[in-house]
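>>> When you get a sec, could you give me coordinates for this:
(chains A, B and C)
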Amino acid sequence: MKRFFTIFCLVVLFTFTIFAAPKKVAYVINGSLGDQSFYDSGYEGIKNLEKDYGVETKLMECNFDPSLYYPSLMTAARWADVVFVISYGFEEELKSIAEMFPNKIFVNIDTVVEDDKEIISNVDFIEEEGSFMAGVVAGIVTSMTELPGINPEKLIGAVGGDDDIVIRSFVYGYDQGAKYIDPEIQVKTIYVGTWDDPVKGKQAALQLYSQGVDVIFQIASLTGAGVIQAAQEVGKYAIGVDSNQNSLAPGHVITSMLKEVGKSIEFVFKQIIDGTYKPGTLYKLGLKEGAVGLAIDEYTYQILPNETVEKILGIQKDVIEGKITVKEYRE
Amino acid sequence: MKSLNKILTGIIGIIFSLLVGALLIKIQGNSPINAYKALYDYGLGSWFSITSTLNNSTPLILTGIAAAIAFSSNVNNLGQPGQLIIGALSAALLGYYLPFPGWFGIITILILSGIIGGLYASIAGILKKLYKMDEMLTTLMLNFIADYLTLYLATYPFLDKKSYVPATKMIKKEYFLPSFKYLNSSFFIAIFVVLISYFVVKYFKKGYEWRMMGHNPDFSRIGGCDNEQNLMWVMFYTGFLSGLAGALLILGGTQHRFIKGIGANYGWDGVMLSIVGANGILETSFFSLFFGFLKSGGVGMEFEASIPSEFIMVLQATIVLLVVSTRSVFSYYGDKIKAYSKTQKVVKAHE
Amino acid sequence: MSYIEMKNIYKVYPPDVIALEEVNFSLQKGEIHSLIGENGAGKSTLMKILYGLVHPSSGQVYINGNEVKINSPSDAINFGIGMVHQEFMLIPSFKVYENVILGMERTKKFGVINKEEAINELEELTKRYGFDLDLNAVTSDLSVAARQKVEILKLLYRKVDILIFDEPTAVLTPQETEQLFTEIKSMKEMGKTIIFISHKLDEVLEISDRITIMRSGRIVSSIENKNLTKSNLAKMMVGKEVILSVTKKPIEPGQIILKTENLTVDFKQSKHKFLQDINIYVRAGEIVGLAGIEGNGQLELVQTIIGESQSLNGKIYIDKNEITNSEIKERRFLISYIPSDRKKYGLALTATLTENLSMTHHLGNKLSSFKYFINWTKAKVLSNNLLNQYNIVARGINDMPKHLSGGNQQKVILAREFSLDAPFLLLDQPTRGLDVGSIEYVHNVILKMREKGKAILLISADLDELLSLSDRVYVIRNGKIVVELDPTVHSKEEVGEYMLGGKE
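Reported below is the predicted structural model:
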């Protein structure tokens, strides 16, 4: 009886804390800011929370140093009411720390961490849909031999950071998109093994271009900045990732596959404020929700004729309406 | 007395570095007082902070004394980073596949990982013996090989399919080293190894020969010590220490698996520490605690005062430079002043 | 008025080593002035001050009565003061004239060196001073004596008036020394002033007009070279009576300890001449000398015996054990070894005396209680005993050799090696660079070891020493043993002729 009462009290307390408006928000990332894509996009969302809700925010960068993961997350968890975390490489630590603070909100972004007590919520992007569109664009462009720098070979490329599940799902969707345009198109992929080394990214890109590839999809955070540089240098094409990177090398970045980390953070936080948030939710966000997609702007039109862009947008519409199904990697 | 001297000049150098650091923080527009308060709070301010300082210093102690023993034996082993991650990977794989129970398994993993790290270091020793290749270069190159080899193994053959980053599967729960009130028992293992190493270097005939080789290799050779063999032993022993550091990261840390980047900067920090500790085993261990403090305090500085964690690296490098220069400045000007006063005394005596 | 006057010079080397104390030194124009004293007496320091290499802690220098500040060697050259160092500062790949004019090149248009003018001027100089020197020879091909001449020529070309010679005869054979003295005398006739630093008393008495004697940082006396004897000078240098001659007890040699059979050594990487069919032996209780000009195979013989390098052919036996292919460690149980380069091979300068004295002793079980450990209590007892027994002046067993004088450093090595109790002693230049007092001590210790029945092979560049200590002498030239001589029969000059190859 006594035990039942304790549990009852805990549940009340638990519910109460959730509905109390959060004041302190922490953003813990495994990497570092300055990549002009993934992590920066999330930080933009965090800054918007400050503006829109007047909350106090703090940032912890781990710079890919595993020895910092635990203490950083611990420090953040002790202080914050809500922790947004990009937990590549410390999923287990996230679980154990979340269990220590069951009354705080943990939102894990981009990977799925399932804890038994359902404390952690996850934002999972359906990368396959976005990269499918990137594949469509690359497939179309590699067939347009009238564009400068495009050769008749049906080869496109991708440069990934690590060879991990998320990047493989990117490549998986990318391959589907390209094959949708022309089943003969081949995708060449290089996994560089680092997320913060543009020099290595550039080397990998130059290698792919020299093998006859004319469009490269970069999926490598800061390392990918080198891919875009390489495209500009040899007069070929690149597709950006996570944030809109079209302006980084005008005329060479056709489009960017957006992964709206910042918007998804704002989306989840709004639910917390509204009181509709439930711990342990899995938010699966794709093309339909606008969480992934293509950045089509004046830089795109600079490279591609209007009808081509319309064709791309048509395919995108078909995907959103379910006329085309994109297979997910972990199936 | 000599130890104390090294530690005192080290501390003076550290104080100067903290002042330089304060200036840098000020230039960036932050408050040095707040920053250093956060450094203290998160590094020493509470029991939790103290334990995280000690936990952070555990691998540093081992890589630090590995570098110190190597350098004081005139063996330029710069391969601590590689030996550490090779040891870490070995421990992760052993921890998953080994069928032994509990403590017996832990001891087996620690010793085997150390031996694997030691054998990896010995490659440089063999190359020196057979082909007269400079061990400084070979150990540096072996770091790259270790880096890519472990990354490959963790990305493909031993990948944990559920992981989002290149990582092996988690080791068995029974091999986790226990913590006592946040303080992981790997710290005690490191201290135990420090004492053993001190004993080995001081009281073993081999240890004496290593040290004499460090003072003057020609002297020890002519004196009847087998320098080639001693170089191999030093390589193996220091590689063992680094490999053990890697194994403790797996068994005692928070990850309990090999994960890309797990070696962090422990290897190079060890090299820096041996410089700060003037290649003394006890001195280096002492300053390892301080670097551990910086590491845990750095988290606080970032969180409380928004000072990026890279600042700690700048501070560490400054410490190395200033400690070394403090030592030479002290002895140079100290001697000059002594000489001047002696001259005055002698001249006066004659007048 | 004196030409050069150094007044109340003090020099304290950091932190607290007094090198010079209230030194007053004066030099007359046109004289040959010798500066003698034991090692560490301060003669080199005093001259380095005059040459601008070292700055005095206190005191003044006057030239012709005017006070001057000499801050660097180039200042000194401008004042007409030059120095010939013990180590030559020449570029081996340069031709002789190029080395001489280096830094003083006179150029024609567009910076082209005026080679003809330089060579003409140098030829004129060599003629005037009677130097026998090929100006177009490559420096590395020259003998030591010839290189010394290049150094002197460098100074004459720079028109110095005072030449300081820092122990110039240490590297020369007796014949070359004679040649140098002739040149020095002709320079004096041309009006140059010479300062001659040495501790070889015969030479000093032969050449000087005036002799200044220094002892522990002070000038003891400065006197005309009239009616002086070696023992007068030695007494002033050391401060007490010195026995310059060696008295040996007659000992009947025992069985053969060291024996080499057709020892042949071929150094692929070395320019040195290799050894050919060396057959020598050393018996218990005798001292065997090895005479020869440096670079004729002595180094190779020593290295092969101690095990630093391997022989091509032949065998080495010590005490009936063949050691031809043994490791150094095994040989060290049979050989006590005094290396010629004591700082390189004999000591760890930055380790403690205990650690230095324990080397090689630690190989056996003398210093351990358990096989793989060192018992430092035992090591300290040993070190304390040796320190007392050999009168090593140090601040204790924790002092470091780098703080000791050369003589005391050598005593540390002697103490360690002679207490090993090996049957064979290999002594390579045991007194090189030591002062008179220390030399006497080393000689006595060596003789004591002879009396104890040790077999001793002695290598020394000092022929007087070699002949007075040895019972038999081998002469080595071009890697071959030329002759075996009896020092009681053959004179120093005869040995010298065998060394140079004048006699076969």
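
>>> Test my guess that C:Leu387 contacts C:Ala394.
Yes - between C:Leu387 and C:Ala394 there is a contact at 6.6 Å, judged by CB atoms under 8 Å. For every residue, glycine as well, the C-beta is placed using N, CA and C.

>>> Those two: which has the busier surroundings?
C:Leu387 (22 against 19; other CB atoms under 10 Å in any protein chain shown).

>>> Quick check: end-to-end length of stretch A:234-245?
18 Å (CA to CA, to the nearest Å).

>>> Contact partners for the residue of the stretch 151-300 of chain A found nearest chain B?
Closest to chain B within the stretch 151-300 of chain A is A:Asp163: 5.0 Å, counting by CB to the nearest CB. With contacts defined as CB atoms under 8 Å, 6 or more residues apart in numbering or on different chains, A:Asp163 is in contact with A:Tyr191, A:Gly193, B:Thr155, B:Tyr156, B:Pro166.

>>> Okay, the fourth one and chain C: tell me how far apart.
Read that as B:Tyr156. 44 Å (CB to the nearest CB, to the nearest Å).

>>> which non-adjacent residue is nearest that residue?
A:Asp163 (7.6 Å; CB to CB, 6 or more residues apart in numbering or on different chains).

>>> ok, which stretches of the chain are strands?
Here I'm looking at chain A. A:24-29, A:56-61, A:82-86, A:105-109, A:120-125, A:155-160, A:186-191, A:215-219, A:237-242, A:253-259, A:282-285, A:292-295 (DSSP state E).

>>> was after chain B, sorry
B:179-180, B:183-184.

>>> Compare these and report which one is nearest to A:Ser143.
strand B:183-184 (58.3 Å; CB to CB).

>>> Work out the gap between the closest one and the centre of the chain.
18 Å (CA atoms, centre = their mean, to the nearest Å).

>>> Note down every partner strand of it and its orientation.
strand B:179-180 (antiparallel) (DSSP bridges).

>>> What average pLDDT does the partner strand get?
What strand B:179-180 shows for mean pLDDT is 92.

>>> Stretch A:43-63 too?
93.

>>> which ones are touching the closest residue to chain C within chain A?
Residue nearest to chain C within chain A: A:Ser67 (36.5 Å; CB to the nearest CB). A:Ser67 is in contact with B:Asn56, B:Leu249, B:Gly253, B:Ile262, B:Ala264, B:Tyr266, B:Lys295, counting by CB under 8 Å, 6+ apart.

>>> Same question for A:Gln203.
A:Gln203 is in contact with A:Gly226, counting by CB under 8 Å, 6+ apart.

>>> okay, it: pLDDT?
95.

>>> quick one: it from A:Ile167, how far?
18 Å (CB to CB, to the nearest Å).

>>> Same question for C:Ile305.
68 Å.

>>> How about the stretch 1-150 of chain C: which residue is closest to chain B?
C:Pro14 (3.3 Å).

>>> For C:Ser358, which non-adjacent residue is spatially closest?
C:Ala379 (4.6 Å).

>>> Show me what the helix or strand hosting that neighbour packs onto, helices and strands only.
Assessed by DSSP states H and E, C:Ala379 sits inside helix C:376-389. The contact analysis (3 or more CB pairs under 8 Å, 6 or more residues apart in numbering or on different chains; DSSP states H and E) places helix C:376-389 against helix C:353-358, helix C:406-418.

>>> and the stretch 201-350 of chain B, which of its residues are near chain A?
B:249, B:253-257, B:259-262, B:264-266, B:295-296, B:299-300, B:302-303, B:306, B:308-310 (CB under 8 Å from any CB of the partner chain).

>>> 6 Å instead?
Within the stretch 201-350 of chain B, the positions near chain A by CB under 6 Å from any CB of the partner chain are B:Thr254, B:Ile259, B:Gly261, B:Ile262, B:Ala264, B:Val299, B:Phe303.

>>> so the fourth one sits right up against A:Pro66, yeah?
Yes - counting by CB atoms under 6 Å, B:Ile262 sits close enough to A:Pro66 to count as a contact (4.8 Å).

>>> The longest helix that chain B contains to strand A:56-61, inter-axis angle?
Identified as the longest helix of chain B according to DSSP state H is helix B:310-350. Interaxial angle of helix B:310-350 relative to strand A:56-61 (axes from the mean of the first three to the mean of the last three CA atoms, to 10 degrees): 70 degrees.

>>> Which neighbouring elements make contact with helix B:310-350?
helix B:2-27, helix B:266-276, strand C:4-13 (3 or more CB pairs under 6 Å, 6 or more residues apart in numbering or on different chains; DSSP states H and E).

>>> model confidence over the longest one, on average?
Right, the one you point to is helix B:2-27. 89.

>>> That helix: which residues count as buried?
B:6-7, B:9-10, B:12-14, B:16-18, B:20-22, B:24-25 (16 or more other CB atoms under 10 Å in any protein chain shown).

>>> Tell me the bridge partners for C:Tyr474.
Going by DSSP bridges, C:Tyr474 forms beta bridges with C:Leu290, C:Glu484.

>>> Fine by me, we can end here.
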